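1. this one's structure only:
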């Protein structure tokens, strides 16, 4: 069984908290650990779940990540979303496009300038 993992982005302080274990996140800048429950109802924090998939360089893909998806060798920039109980890119299930070459660019919270335009 795959491990459930999360990360969280603090909108006010512009800090990404990284998964430490299944119930804690940590700030890589300070190495402080925080309970996952601290982030659940916090309006200043965006919680993102790991999709259980990796890109071509084995980087973990999370909800809110921006990917280059190579359809027929033409890279298209896409955002990973959680909709209707599934991880999706547009209206395609994320697991159905893993046959294409996926490259993680970054995420929409730390790099909002990397939009789909």
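-> Looks like it arrived, so ask away. For clarity, every value in this text was computed on a predicted model and none was experimentally measured.

2. who's the most centrally placed residue in the chain bridged to?
-> Centre of the chain computed as the mean C-alpha position; nearest residue by C-alpha atoms, centre = their mean is residue 62, 2.2 Å away. For residue 62, the beta-bridge partners under DSSP bridges are residue 50.

3. doesn't residue 106 make contact with it?
-> No: contact criterion C-beta atoms under 8 Å: residue 62 and residue 106 do not qualify, at 10.7 Å. Backbone N, C-alpha and C define where each C-beta goes, glycine included.

4. ends of stretch 99-113, what's the gap?
-> 28 Å (C-alpha to C-alpha, to the nearest Å).

5. got a list of contacts for it?
-> 9, 11, 14, 16, 46, 48, 53, 55-57, 59, 61-62, 64-71, 75, 77, 79, 114-115 (C-beta atoms under 8 Å, 6 or more residues apart in numbering).

6. next helix or strand past the helix or strand of the chain with the lowest mean pLDDT?
-> Ranked by mean pLDDT, DSSP states H and E, the weakest helix or strand in the chain is strand 92-93, scoring a mean of 83. Stepping forward along the backbone from strand 92-93, the first helix or strand reached (DSSP states H and E) is strand 101-107.

7. tell me which residues in that next one are buried?
-> 102, 104, 105, 107 (16 or more other C-beta atoms under 10 Å).

8. again, but for stretch 11-24
-> Neighbour-count burial for stretch 11-24 [16+ other C-beta under 10 Å]: 15, 16, 17, 19, 20.

9. please enumerate the strands of this structure.
-> With DSSP state E applied, the chain shows strands at 6-10, 15-21, 24-26, 33-35, 45-54, 60-62, 65-71, 74-83, 86-89, 92-93, 101-107, listed in chain order.

10. which elements pack onto the third one?
-> If you count contacts as 3 or more C-beta pairs under 8 Å, 6 or more residues apart in numbering; DSSP states H and E, strand 24-26 packs onto strand 6-10, strand 15-21, strand 33-35.

11. which elements pack onto the last one?
-> Helices and strands touching strand 33-35, as assessed by 3+ C-beta pairs under 8 Å, 6+ apart, comprise strand 24-26.

12. parallel or antiparallel, which strands does the strand it packs on pair with?
-> Using DSSP bridges, strand 24-26 pairs in its sheet with strand 15-21 (antiparallel), strand 33-35 (antiparallel).
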